[in-house]
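Undergrad: This is a predicted model, with the sequence first.
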Amino acid sequence: EKGGYDHFMLKEIYEQPRSIRDCMRGRIYPNEGKVQLGGIKDYADKLKNIDRIIIVACGTSWHAGLVGEYLIEEYARIPVEVEYASEFRYRNPIISEKDIVIAISQSGETADTMAAIELAKERGATIFGICNVAGSSIPRISDAGVYTHAGPEIGVASTKAFTAQVTVLTLMAFFMAQQRGTIKESALVSLLTELDSIPDLVDKCLKADNHIIEIATALKDSSNCLFLGRGSGFPVALEGALKLKEISYIHAEGYPAAEMKHGPIALIDAEMPVIVIATRNSSYEKVISNIQEVKARKGIVIAIVTEGDKEVRKMADYVIEIPDANEAFLPLLATIPLQLLSYHIAVMRGCNVDQPRNLAKSVTVE
Ligand code: M6R
């Protein structure tokens, strides 16, 4: 049932070109520049007039929410707040009938996320669910929603469910932008055409696996690891750090790259691997200066770069190339090598990759 892979996690990492494609099927029409989301189409008018969106989730799903914030604000120009469900539910949050709350959950059974939904519902908000498990509790208590269609995810560490959640949020952002007229049809044609090719680019990212095994060998005995990214690369850094800590038990932190100088830089020495999302996009030059700061303190830099990059290669100890793509799609690509890196490190450390200690696949208690 592991399809020839040693672990479910690896199988699920490798399934991503397919799971992302399944998630987009019947929902995008690149030639027409159209996104169709049957699950939320009845709310098209409401989406035209809302003032804000609140996203609630936990763990990896919360990271997907941060990517969603970036995309919805960028394309649909709706202010978004991303909340940990566990905090939101106990904060007497300010919500009304005007709000849309998007709950993201792979399992559809997470207790804190369900409680956050109930609270938002009581106060009149409209609830959209983004879930993977069909017929689970969250889709049932939501007003509307979009399934991720990633297929069953067995590994406790979420991989293909995350990229599917990000894919749905990308589609939602474009759908909302289309409804609100904040995007030109021609722009949508080119974005959707590129999105349509993402499964092939994810496949290319997977090809770096052997090189990643070499890097994993060099990092496997570290006790700490820092992950840095900017813009939509920041949630990717958080997700990379969570993956590493939960399956390999190496202490890892994700930070917005520019925050390094406000504290974490004090940790950097020759023992500290720093994984940096340094692809060629709007924050490229700034990330390069962050890398220089790390190297000046002898930190070990592992950089995720755009194919063909020369500048970062000169400074970094290791580089992992990913295909060039619009910044909007960076999380879908840059996440892949980080999943593989954590996986190999955990295997080398003899950890139980599919069932890490102290963790359950779905957290149905508070
Ligand atoms: O099923 P959910 O998406 O609601 O689960 C949320 C978190 O418990 C989950 O993402 C957790 O952080 C994973 N183990 C991460 O890999």
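TA: Ah, there it is. Residues are numbered from 1 along each chain as shown.
Undergrad: what about the nearest residue to Arg25 once chain neighbours are set aside, distance to the ligand?
TA: Distance criterion C-beta to C-beta, 6 or more residues apart in numbering; nearest residue to Arg25, sequence neighbours excluded, is His149 at 7.6 Å. Every residue, glycine included, has its C-beta placed from N, CA and C. Separation of His149 from the ligand (C-beta to the nearest ligand atom, to the nearest Å): 15 Å.
Undergrad: Run the chain-centre distance for the helix or strand Ile54 falls within.
TA: Assigned by DSSP states H and E, Ile54 belongs to strand 53-57. Relative to the chain's own centre, strand 53-57 is displaced by 15 Å; criterion: C-alpha atoms, centre = their mean, to the nearest Å.
Undergrad: And for the very next helix or strand once past it, what's in contact with it?
TA: Sequence-wise, the next helix or strand downstream of strand 53-57 (DSSP H and E) is helix 59-71. Residues outside helix 59-71 that contact it (C-beta atoms under 8 Å, 6 or more residues apart in numbering): 55-57, 80-82, 84-85, 102, 104-106, 110, 113, 130, 158, 161-162, 165-166, 169-170, 172-173, 231-232, 234-236, 238-239, 242, 328, 331.
Undergrad: buried residues in helix 59-71?
TA: Within helix 59-71, the residues scored as buried using 16 or more other C-beta atoms under 10 Å are 59-71.
Undergrad: In TSV, list the residues you listed along with distance to the ligand and pLDDT.
TA: Output for the buried residues of helix 59-71, formatted as TSV (distance: C-beta to the nearest ligand atom, whole Å; pLDDT from 0 to 100):
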residue	distance to the ligand	pLDDT
Gly59	2	98
Thr60	3	98
Ser61	4	98
Trp62	7	98
His63	8	98
Ala64	8	98
Gly65	10	98
Leu66	13	98
Val67	14	98
Gly68	13	98
Glu69	17	98
Tyr70	19	98
Leu71	18	98
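Undergrad: picking up where we left off before, CA-only coordinates of the strand holding Ile54 in PDB, if you can.
TA: Taking C-alpha atoms only, strand 53-57 is exported to PDB below (Å, rounded to 0.1, in the frame of the first residue of the first chain):
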ATOM      1  CA  ILE A  53     -11.700  37.500   5.600                       C
ATOM      2  CA  ILE A  54     -10.600  35.600   8.700                       C
ATOM      3  CA  ILE A  55      -8.700  32.300   8.200                       C
ATOM      4  CA  VAL A  56      -8.600  29.900  11.100                       C
ATOM      5  CA  ALA A  57      -6.500  26.700  11.300                       C
END
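Undergrad: 19 is where my numbering starts, stick with that
TA: Sure, I'll start numbering at 19, so the last one becomes strand 71-75.
Undergrad: Contacts for that strand, please.
TA: 82-83, 86-87, 90, 96-103, 106, 111, 113, 117-123, 131, 134-135, 138, 143.
Undergrad: Close to the ligand: what parts of the stretch 269-384 of the chain are there?
TA: Residues of the stretch 269-384 of the chain lying close to the ligand by C-beta under 6 Å from any ligand atom are Leu377, Ser380, Val381.
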